[in-house]
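**Student:** Next input, structure requested:
(one chain, ligands or ions: 1)
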Amino acid sequence: MRWHVLGSASGLTVANRFHSAYLLEDAGKFLLIDAGGGTSRALAKLEKPLLPIEAVLISHTHPDHAAGLPLLLQFMMMSKRTAPLDIFLPAFYKDFFAEQLYRFYIFPEKWPFPIRIHALEKTFDFWNSLRVTLFPTGHLSAAADLARLHGVGAESYGFRFEAGGSTFIYTSDILSVEAISPGIPAADWLMIEGAHTSLEEICRLAVEKKIDHVRVTHIPPELEGQERSLKEIVQKYGLQDFKLTWDGEIIEW
Ligand SMILES: [Zn+2]
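**Tutor:** Coordinates of the predicted model:
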């Protein structure tokens, strides 16, 4: 399996990183995980922009994780895609998104490929080789009252990917390390966001869960250029492979 980092910015738009988007690849087949602003451009920068993405999984509907979806559909249409696309969304957003597509003039009657919209389930299997399991991140709990007032959900998930005896965890956005810790088992890889926690807390989680390989993503500007302090913290916890990720990183796991 390969994990491609397309976008590793935090919620703040910056010049050197796109917003959250990742590709999970197995032998030329692809899933897209999150589709924040810039996803279409990040895909267009790859050698083969017409990647056969079979499905899109959205962790939560903050714009930096989901706002790239309509433009992605237009990009696929203009790239002459004909294969169906499955989109998995937080349950409350499923019907709203289907309706929203009409306002973007994306009509199923004339669209060149079927767009199949589903609610996220607790566990998915893809390609007979990959199991995906969701865990709650608590990221939107502070917005729950207002969400309820306006008739929308406050769901936010991280994803655990298991294939060939190896486990890769992508947290997406979190409330805190404490909030996600119960949903995180021992794993080989952890890709965790760095905007709502500290490097020290991430190190402690990696040690506790015996995770050897850690990448920090969703990187706020204040984390940039802190390689020296990062090195000191990581050494203190005895971690060998702990880095800030970058747009374009490819991880074999
Ligand atoms: Zn968020």
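**Student:** With A163 as the reference, measure out to L6.
**Tutor:** In this structure, L6 lies at 20 Å from A163, with Cβ to Cβ, to the nearest Å as the measure. Every C-beta, even on glycine, is put in place using the N, C-alpha and C of the backbone.
**Student:** for H218, same thing?
**Tutor:** Noted for H218: a distance of 23 Å to A163, by Cβ to Cβ.
**Student:** Then A143?
**Tutor:** A143 is 33 Å from A163, where distance means Cβ to Cβ.
**Student:** The two - which one has more neighbours?
**Tutor:** The residue with more neighbours, out of A143 and A163 and counting by other Cβ atoms under 10 Å, is A163; that gives 17 against 14.
**Student:** Hmm, F126 and that one touching each other?
**Tutor:** No. Using Cβ atoms under 8 Å as the test, A163 is too far from F126 to be in contact (9.2 Å).
**Student:** Pull up the overlap in contacts between the two.
**Tutor:** D26 (Cβ atoms under 8 Å, 6 or more residues apart in numbering).
**Student:** what separates the helix or strand of the chain with the lowest mean pLDDT from the chain centre, distance-wise?
**Tutor:** Ranked by mean pLDDT, DSSP states H and E, the weakest helix or strand in the chain is helix 227-236, scoring a mean of 90. On the basis of Cα atoms, centre = their mean, to the nearest Å, helix 227-236 is displaced by 26 Å from the centre of the chain it belongs to.
**Student:** Nearest residue to whichever residue of the stretch 151-253 of the chain sits closest to the ion in space, please, no chain neighbours.
**Tutor:** In the stretch 151-253 of the chain, the residue found nearest to the ion is D173; the distance is 3.6 Å by Cβ to the ion. Take D173 and drop its neighbours on the chain: the residue closest to it by Cβ to Cβ, 6 or more residues apart in numbering is H139, 4.3 Å away.
**Student:** Pull the contacting residues for that neighbour.
**Tutor:** 60, 156, 172-175, 196.
**Student:** now the strands for this protein?
**Tutor:** Using DSSP state E, the strands found in the chain span residues 2-7, 21-26, 29-35, 53-57, 85-89, 115-119, 123-126, 130-136, 157-163, 166-170, 189-193, 213-217, 241-244, 250-252.
**Student:** Output those strands as CSV; include the columns distance to L230 and mean pLDDT.
**Tutor:** As requested, the strands of the chain are exported to CSV (distance: least, Cβ to Cβ, whole Å; pLDDT from 0 to 100):
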stretch, distance to L230, mean pLDDT
strand 2-7, 17, 98
strand 21-26, 21, 97
strand 29-35, 24, 97
strand 53-57, 29, 97
strand 85-89, 34, 98
strand 115-119, 38, 98
strand 123-126, 34, 96
strand 130-136, 26, 97
strand 157-163, 22, 97
strand 166-170, 20, 98
strand 189-193, 14, 98
strand 213-217, 9, 98
strand 241-244, 7, 96
strand 250-252, 18, 97
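**Student:** can you put those in TSV and add distance to F97?
**Tutor:** Output for the strands of the chain, formatted as TSV (distance: least, Cβ to Cβ, whole Å):
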stretch	distance to F97
strand 2-7	20
strand 21-26	17
strand 29-35	12
strand 53-57	11
strand 85-89	6
strand 115-119	6
strand 123-126	18
strand 130-136	18
strand 157-163	16
strand 166-170	21
strand 189-193	23
strand 213-217	24
strand 241-244	32
strand 250-252	29
